[in-house]
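**Student:** 3D, please:
(one chain, ligands or ions: 1)
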Amino acid sequence: MSDNKVAVSKDYVDDSVTFDSFNLDPRLLQAINKLGFEHPTLIQSQSLRLSLQEKKDIIAKASTGSGKTAAYCIPILQSILVDNESNSNSTNEIQSVVLVPTKELAQQVSSFFKELTMYCGKISRSVNLNEIVNDQLLSSILNEKPEILVSTPSRLLSIIEANSNVNLMNLKYLVIDEVDLMISYGYDEDLDKLTHYLNLKQHMQVFMMSATLNEDINGLKEKFCNKPAILKLQDLDNQNRRLLQYYIKTNEYDKFLLIYVILKLNLIRGKILVFVNNLDRGYKLKLFLQNFGIRSCILNSELPINSRLHILEEFNKNVYNLLIATDESNEYDEEDGENEENNDNIEELDTESTSETVNNTKANAKKSKKNSSNKEYGVTRGVDFKNVACVINFDLPTSSKAYIHRVGRTARGGKNGMALSFVVMKNEWGKHKPSSLPSARKDERVFAKIERTQTKLGYEVSPYQFDNKQLDNFRYRMDDSFRSITQTAVREARLKEIKMELMTSEKLKRHFEENPQDLATLRHDKALSKIRADVNLKRVPDYLLPPGARQDVTKTGFVPFSKNKKRSQGKRRTGVKKKVDVLKRHRK
Ligand SMILES: Nc1ncnc2c1ncn2[C@@H]1O[C@H](COP(=O)(O)OP(=O)(O)OP(=O)(O)O)[C@@H](O)[C@H]1O
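**Tutor:** Model prediction:
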């Protein structure tokens, strides 16, 4: 294997074929090789065969991180390159549209297109419509008829409605990525309107993708697809799991204690993504950790988009190790109170009216409409976070579907990963108001669903082994700290962060093109406010550490609380170049 090859788990890879087997254009093959993709993943090989050779529409339900993006990008580019060879004198047309639910995904997909076309010159130009805000610039770019448009549905619709010269009638490919989320965002109305501008079911091929599909997409399927092939590539080899899942049953206050101890003692090594269910919780947790000298970054939909994209970029470059993401799709609505039921119907996709069902796995293998104009939900869905060692559900999501997408931010592309979920016990809920969260009332019920769904998928969610007595040693240190994080402190921090990020965002806008290196100096994990906190909290006295960690806390890796287990010495987790398998120690 040459140096640039990416090691992908055998679970995902279709090693019976290589990308060469599909007669791809040499420029495309060269880029795929540069990316380090040695073999296509299962979804990619199936999609290449069905779309390029059999010209099928495709509806694909495949695991998070299994390579669905390349599964549609490669066929699109191949088709454009082939067309260009055969009709070198033809006039340019917009040939493909990729619709995604968030600006983050629009950016990610358009960057991926750029990587795949690095050797293609100007033949297959892709434009992210959400990125271009200047009308004049947009109009001149559109006049040049780029081959590929990437956009959210509402952005595309508003552009088409305002520009009569945007013609999508000759479109060859239409992709609706994260299609189930499109519906729950309320984008189906936009999609409906878009049908008036498309030559549906004529010469156009359609891709609909997600890790979680159900019959909710049947309406879109009927509207957009022509006898689609349904790919279901969810179940992987049970023996070879890459994602290890754990839970801790606890109370609301102890969630803070647990995360403090886990992070302070580096019990999990590598990059960590923590999910909370609302904006204030994110800041509360950040301030709380800040008191103990633990730096973290916030990611939520309230931040300006440039900051969000920059945070993601920097996190992927290992500039930050700890990201607290707000998953607002899980904000609990007391009046509704039904979020988990509505979002949880992920069981099956109706395949009755389709021409072909491909159920190819290696190991044999109530609509919840959110008003998209209110908020942008779930800024992390589909985002390709690189090398996340662990996802912590600090707040449990309110549906097993959201759980799948959250934990799917780790163990991507065949890498190892771990998920740890805090589950508030029903009889403990609401006992400590300052740490309480409405959605946690139903944690146990939701968790039972999560367990059922994961078991169906062949996964096990095991209890995380933790010595609660050792935890008590840290309790008194956290009481004062927690008290200092009042609601006012949280609100002030939130306001301050937005102000700071608005300024940062302006700088990002101005400097993005001219001085990309300057961006490295714009940090997003600064302390937010000087709340009263004991400086000593930042140090952990030796006597509080588990025996194996006493020599030098900065060097601790995974530190088991049980005295007998041996601990290997590792480096601190900042910017680790060497791959560390966090999970090995948990597998016992
Ligand atoms: N053939 C391949 N070989 C090696 N790595 C791959 C291959 N295809 C994709 N990858 C990598 O796997 C990771 C996940 O890919 P991608 O983001 O497309 O997953 P996904 O299926 O869309 O996940 P999600 O459902 O979470 O959106 C990416 O980092 C990508 O570069």
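**Student:** quick one: stretch 406-422 to chain centroid distance?
**Tutor:** Going by Cα atoms, centre = their mean, to the nearest Å, the spacing between the C-alpha centre of stretch 406-422 and its chain's C-alpha centre is 10 Å.
**Student:** from one end of that stretch to the other, what's the distance?
**Tutor:** This stretch, stretch 406-422, spans 14 Å end to end (Cα to Cα, to the nearest Å).
**Student:** with stretch 401-416 instead?
**Tutor:** 21 Å.
**Student:** and the pLDDT at the residue of the stretch 151-300 of the chain found nearest the ligand?
**Tutor:** Among all residues of the stretch 151-300 of the chain, Ala211 sits closest to the ligand, at 4.2 Å; criterion: Cβ to the nearest ligand atom. Backbone N, C-alpha and C define where each C-beta goes, glycine included. Here, the pLDDT recorded for Ala211 equals 90.
**Student:** also Arg585?
**Tutor:** Listed pLDDT for Arg585 reads 38.
**Student:** how about Glu328?
**Tutor:** On the pLDDT scale, Glu328 is placed at 81.
**Student:** isn't it right next to Val276, touching?
**Tutor:** No: between Glu328 and Val276 there is no contact under Cβ atoms under 8 Å: 9.6 Å.
**Student:** who has more neighbours, the two?
**Tutor:** Neighbours per residue, other Cβ atoms under 10 Å: of Glu328 and Val276, the larger number sits with Val276, 25 against 21.
**Student:** does the more buried one have beta-bridge partners, and which?
**Tutor:** As for beta bridges, Val276 partners with Thr326 under DSSP bridges.
**Student:** now for it: which residues touch it?
**Tutor:** Residues in contact with Val276, defined by Cβ atoms under 8 Å, 6 or more residues apart in numbering, are 282, 285, 324-327, 394-395.
**Student:** check contacts around the residue of the stretch 151-300 of the chain closest to the ligand.
**Tutor:** 61-64, 66, 68, 234, 404-405, 408.
**Student:** kindly report the same for Val206.
**Tutor:** So Val206 contacts 57-58, 173-176, 224-226, 228 (Cβ under 8 Å, 6+ apart).
**Student:** and the furthest pair within those residues?
**Tutor:** Largest separation among those by Cβ to Cβ: Val175 and Asn226, giving 15.1 Å.
**Student:** the more surrounded of the two?
**Tutor:** Val175 (26 against 13).
**Student:** show me which of the contacts of Ala211 neighbour the ligand.
**Tutor:** Filtering the contacts of Ala211 for proximity to the ligand (criterion: Cβ under 6 Å from any ligand atom) leaves 62, 64, 66, 68, 408.
**Student:** hey, which helix is longest across the protein?
**Tutor:** Counting by DSSP state H, the longest helix found in the chain is helix 487-514.
**Student:** check which helices and strands that helix sits against.
**Tutor:** Applying 3 or more Cβ pairs under 8 Å, 6 or more residues apart in numbering; DSSP states H and E, one finds that helix 487-514 contacts helix 279-291, helix 305-316.
**Student:** can you flag the weakest of these by average pLDDT?
**Tutor:** When the helices and strands packed on helix 487-514 are ranked by mean pLDDT, helix 305-316 comes last with a mean of 91.
**Student:** buried set for it?
**Tutor:** Across helix 305-316, burial judged by 16 or more other Cβ atoms under 10 Å covers 305-312, 314-316.
**Student:** same question for stretch 132-147.
**Tutor:** Across stretch 132-147, burial judged by 16+ other Cβ under 10 Å covers 132, 138, 141-142, 146-147.
**Student:** how about the contacts made by Val17?
**Tutor:** Taking Cβ under 8 Å, 6+ apart, we find Val17 in contact with 39-40, 45.
**Student:** going by neighbour count, which of the residues you listed comes out on top?
**Tutor:** Of all the contacts of Val17, the highest neighbour tally under other Cβ under 10 Å goes to Pro40, namely 28 neighbours.
**Student:** can you show me the strands along the stretch 351-500 of the chain?
**Tutor:** Counting by DSSP state E, counting those that start in this stretch, the stretch 351-500 of the chain has strands at residues 356-358, 388-393, 417-424, 461-463.
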